[in-house]
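In: My questions concern the predicted model and sequence given below.
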Amino acid sequence: MKPAVEFAAIFLWLSASIAFGAQPSPKAGALRTVEVLQGEIAEIKVSAPGVAAAEGRLGSEKIYFYPGDNGVFAALVGADLETKPGPATILVSGTTQSGASWATQIPLKIKSKAFKSESFSVAQEFDQLSPEVLERIRREQEQFARVFAVSAAQRLWARPFVGPLPKEITSPFGYRRVINGTPRAPHTGVDLKAAMETPVLAANHGRVVLLGDFFYSGKSLVVDHGSSLFTVYFHLSEFKAEQGSEVKKGDVIALSGMTGRVTGPHLHWGARMNGARIDPFQLIEKLDGRADGTASPVSNSEKAEK
């Protein structure tokens, strides 16, 4: 008996049901394409009796599946805000409890999203950077890349996510600037209104993997939430967490400020998922606390309190 695979897309969500026979080999004809906008996310769920492990890959990026209750395995997939629209394929494979291997492909369609754009001019001395500053920026970009390349394999976060500050957006995700006629990199997060030294909250459980003072982002903090999901907090005035420390959802991890290349106090909040730069409010909107069939991670201290 050959296994059957059924995929159903609900909004940006993907649920998969796999029934395994003696020789697992998914039926490709049963797959449906999932559509995801640039800068947004999808969740993949694989559920079937006998599934022991699942892993995936989207292009060069590894997709981390986390186990839950009743044989459910789930993973988050992000579409970078600059990913070229068009078809893509998520490769999913794993093993059953009997040790047999299985594999399937999930068709994905990346759709373009309109982002706000604005053109303006600034003084040349503000727009032009010295070779020394450009070299510093290059080193800092490499440092961030190294941080985002390594993540805890285990999912550390639990539904729902929370915002680091009230949702008063002063500059939206994906905002594109054209300065003195030259297009600049798009805004990879959201700017939130904040007076100086406003407490900044951790969006979810995780570990602080970067603290530093950088040219563009000023005092910056990065939290690894596991399974290649990170949130970033820029332009801070003071850190309230330490490098390598574990943080809980809602912990005060920093105070807002105006460090780095800014003109006033605010918080830049961003997120990276599987290497993709995504709108961080997607984490709140899509992972809103509804039951997902997956067990929420519990720390040793939380277990002791129960």
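Out: Alright, I've got the coordinates. Being a predicted model, the structure only gives us computed values, none of them experimental.

In: so what's residue 116 up against?
Out: 172, 174-176 (C-beta atoms under 8 Å, 6 or more residues apart in numbering). Heads up, the C-betas are built off the backbone N, CA and C, glycines and all.

In: Buried residues, stretch 213-228. List them.
Out: Across stretch 213-228, burial judged by 16 or more other C-beta atoms under 10 Å covers 214, 216-228.

In: got it, and stretch 157-175?
Out: In stretch 157-175, counting by 16+ other C-beta under 10 Å, buried: 157-161, 163-165, 171, 173-175.

In: Looking at those, spot the one nearest residue 109.
Out: The closest of the buried residues of stretch 157-175 to residue 109 turns out to be residue 174 (C-beta to C-beta; 18.9 Å).

In: Leaving out chain neighbours, which residue sits closest to the closest one?
Out: Nearest residue to residue 174 in three dimensions, chain neighbours excluded: residue 115, at 3.4 Å (C-beta to C-beta, 6 or more residues apart in numbering).

In: again with residue 66
Out: Distance criterion C-beta to C-beta, 6+ apart; nearest residue to residue 66, sequence neighbours excluded, is residue 155 at 3.8 Å.

In: packing partners for the helix ranked longest in the chain?
Out: In the chain, assigned by DSSP state H, the helix with the most residues is helix 131-148. Here helix 131-148 touches strand 206-214, going by 3 or more C-beta pairs under 8 Å, 6 or more residues apart in numbering; DSSP states H and E.

In: Dump the buried residues of stretch 213-228 to TSV, plus distance to residue 98 and secondary structure.
Out: Compiled in TSV, the buried residues of stretch 213-228 are given as follows (distance: C-beta to C-beta, whole Å; DSSP: H, G, I helix; E, B strand; the rest coil):
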residue	distance to residue 98	secondary structure
214	50	strand
216	52	coil
217	50	coil
218	54	strand
219	52	strand
220	47	strand
221	45	strand
222	41	strand
223	38	strand
224	34	strand
225	33	coil
226	28	coil
227	26	coil
228	29	coil
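
In: mind listing what the residue nearest the centre of the chain touches?
Out: Centroid-nearest residue in the chain: residue 273, 2.8 Å away (criterion: C-alpha atoms, centre = their mean). Remark: with contacts taken as C-beta under 8 Å, 6+ apart, residue 273 is in contact with 41, 76-78, 228-230.

In: now the strands for the stretch 101-250 of the chain?
Out: Taking DSSP state E, counting those that start in this stretch, the strands of the stretch 101-250 of the chain run over residues 101-111, 117-120, 169-171, 176-179, 182-183, 189-193, 199-201, 206-214, 218-224, 229-239, 246-247.

In: JSON lines for those strands, including mean pLDDT?
Out: What follows is the strands of the stretch 101-250 of the chain, written out as JSON lines (pLDDT from 0 to 100):
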{"stretch": "strand 101-111", "mean pLDDT": "90"}
{"stretch": "strand 117-120", "mean pLDDT": "84"}
{"stretch": "strand 169-171", "mean pLDDT": "96"}
{"stretch": "strand 176-179", "mean pLDDT": "86"}
{"stretch": "strand 182-183", "mean pLDDT": "82"}
{"stretch": "strand 189-193", "mean pLDDT": "98"}
{"stretch": "strand 199-201", "mean pLDDT": "98"}
{"stretch": "strand 206-214", "mean pLDDT": "98"}
{"stretch": "strand 218-224", "mean pLDDT": "98"}
{"stretch": "strand 229-239", "mean pLDDT": "98"}
{"stretch": "strand 246-247", "mean pLDDT": "98"}
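
In: Of all those strands, which one is nearest residue 133?
Out: Judged by C-beta to C-beta, the one of the strands of the stretch 101-250 of the chain that comes nearest to residue 133 is strand 206-214, at 11.6 Å.

In: before we move on, the earlier item: tell me which of the contacts of residue 116 is nearest to residue 209?
Out: The closest of the contacts of residue 116 to residue 209 turns out to be residue 174 (C-beta to C-beta; 24.8 Å).

In: any idea how far the closest one is from residue 283?
Out: Going from residue 174 to residue 283 by C-beta to C-beta, to the nearest Å gives 16 Å.

In: my guess is residue 173 contacts residue 285, does it?
Out: No: using C-beta atoms under 8 Å, residue 173 is not in contact with residue 285; the gap is 12.0 Å.

In: For the protein, give me the ranges with low pLDDT.
Out: Counting by pLDDT under 70, the chain shows low-confidence ranges at 1-31, 48, 124-126, 289-306.
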